[in-house]
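# Here is a sequence together with a model predicted from it:
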Amino acid sequence: MFDTTRWLETPGGARLACHHIPAEGQPIAILLVAHGLAEHSRRYRRFAEVMAGRGFHVYAWDHRGHGETTAPDAPLGRFGLRHGTDLVCQDVKSVRDMAVAAHPGLPVLLFGHSMGGLIALNAAINDPTAYDALAVWNSNFNPGAAGRAAQGILLVERALKGSDVPSTLLPKLTFGAWGRSIPGRRTDFDWLSHDQDAVDAYIEDPLCGFDASVSLWLDLFDMTFRAPKLLDRLPRHLPIHLVGGAEDPATNGGREINWLSQQFRAKNFTHVTTRIWPATRHETLNDTVRARAMAEFATWAISVLPAHAASAE
């Protein structure tokens with residue numbers, strides 16, 4: 001079950017910590033869950049249970065440099081010594097292939113939150129026929145000039161102190177700035193959610209909140225700027241589900257979710273669903289709207305898998 005860690009050795013040299021909940025009743029699809037920065041896959045247990053109850057075999061794993069996953073060139077806070085974007089996307093494909101081998105014939109839906117959304121979209125672009133639907137939640141693919149400036153800062157940091165050490169400035173410009181943006185904040189992590197228990201659980205979790213390396217931040221910006229340029233690689237009929245929070249400082253109040261939606265629509269993608277949840281911060285799945293958000297997502301997921309939806313009812 002989800003509390004039991006399974007290990008997957010990948011061609012890129014990682015030993016991925018994977019967690020799985022089997023579908024209840026008649027299985028209709030596979031759901032792959034890619035987590036965000038400075039957290040881990042066990043935090044998605046509640047989401048996995050909801051989706052398993054709707055007929056999805058759910059798999060979540062710790063990315064390189066996160067959680068229980070290990071790799072020779074990926075200590076905590078780093079994807080790899082080099083080619084981090086390629087390696088972390090290859091890991092997604094490895095999990096996908098493992099799940100498909102275990103459940104042949106079922107469609108595959110790829111879900112990613114925040115950094116996981118960056119990874120999910122880039123992984124789908126790399127393997128356009130590997131996924132039957134894509135969900136990107138709370139991810140910013142439009143950092144603009146500030147993002148380019150951050151890349152410049154990171155390159156200077158790499159030149160001065162190397163790429164395998166934590167960035168000094170990026171946490172202040174991201175997590176720190178987002179924390180300060182919340183009026184009357186109780187903690188520096190109130191930007192994650194209105195739910196104080198969820199915020200406290202994140203702060204108290206020893207696998208959350210660590211500082212990312214210079215190289216990991218560079219990989220994140222690489223994925224951020226890369227994906228919007230390569231959307232043409234994806235099938236125009238691919239169902240895409242985009243979600244944000246109207247009070248999420250990491251996505252400019254959800255405006256960057258709408259920006260990504262516009263990029264897809266401008267390229268004539270035909271099945272794009274966008275939802276900006278009011279009074280919701282960065283972690284939609286851990287905010288006060290989570291029950292409604294999960295139920296709405298499950299309805300969407302079943303609706304875009306029509307060949308299997310009837311068996312879920």
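Okay, I see it.
# which residue packs closest to Met115, ignoring adjacent ones?
Nearest residue to Met115, sequence neighbours excluded (Cβ to Cβ, 6 or more residues apart in numbering): Leu37, at 4.0 Å. Every residue, glycine included, has its C-beta placed from N, CA and C.
# Same check on Trp61?
Nearest in space to Trp61, with sequence neighbours left out and distances taken as Cβ to Cβ, 6+ apart, is Cys18 at 4.4 Å.
# Kindly report the same for Asp127.
Lys93 (5.7 Å).
# Likewise for Ser261?
Per Cβ to Cβ, 6+ apart, closest to Ser261 is Thr274, 4.2 Å.
# so Leu169 makes contact with Gln151?
No. Counting by Cβ atoms under 8 Å, Leu169 stays clear of Gln151, with 11.8 Å between them.
# Mind checking which of the two has more residues around it?
Shown here are Leu169 and Gln151; by other Cβ atoms under 10 Å, Gln151 has more neighbours (18 against 15).
# Same question for the helix or strand hosting the more buried one: list its buried residues.
For Gln151, the host element (DSSP states H and E) is helix 144-161. Going by neighbour count (16 or more other Cβ atoms under 10 Å), the buried part of helix 144-161 is Gly147, Ala150, Gln151, Ile153, Leu154, Glu157, Arg158.
# same deal with stretch 62-76?
Neighbour counts over stretch 62-76 (16+ other Cβ under 10 Å) mark 62-71, 73-74, 76 as buried.
# Narrow these to those in strands?
Nothing among the buried residues of stretch 62-76 maps onto strands, per DSSP state E.
# export the residues you listed to TSV and tack on pLDDT and distance to Leu231?
Listed next are the buried residues of stretch 62-76 as TSV, based on pLDDT from 0 to 100; distance: Cβ to Cβ, whole Å:
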residue	pLDDT	distance to Leu231
Asp62	98	28
His63	98	23
Arg64	97	25
Gly65	97	27
His66	98	27
Gly67	97	30
Glu68	97	33
Thr69	98	29
Thr70	96	33
Ala71	95	29
Asp73	91	30
Ala74	93	28
Leu76	94	32
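# Among those, which one sits closest to Met115?
His63 (7.8 Å; Cβ to Cβ).
# So the closest one is in contact with Ala34, correct?
Yes. Between His63 and Ala34 there is a contact at 7.2 Å, judged by Cβ under 8 Å.
# how close does Gln262 sit to Thr10?
Separation of Gln262 from Thr10 (Cβ to Cβ, to the nearest Å) stands at 35 Å.
# And for the helix or strand following the helix holding Gln151, what's in contact with it?
From helix 144-161 onward toward the C-terminus, using DSSP H and E, the following helix or strand is helix 170-171. With Cβ atoms under 8 Å, 6 or more residues apart in numbering as the test, helix 170-171 has contacts from Ala150, Ile153, Leu154, Asp211, Ala212, Trp217.
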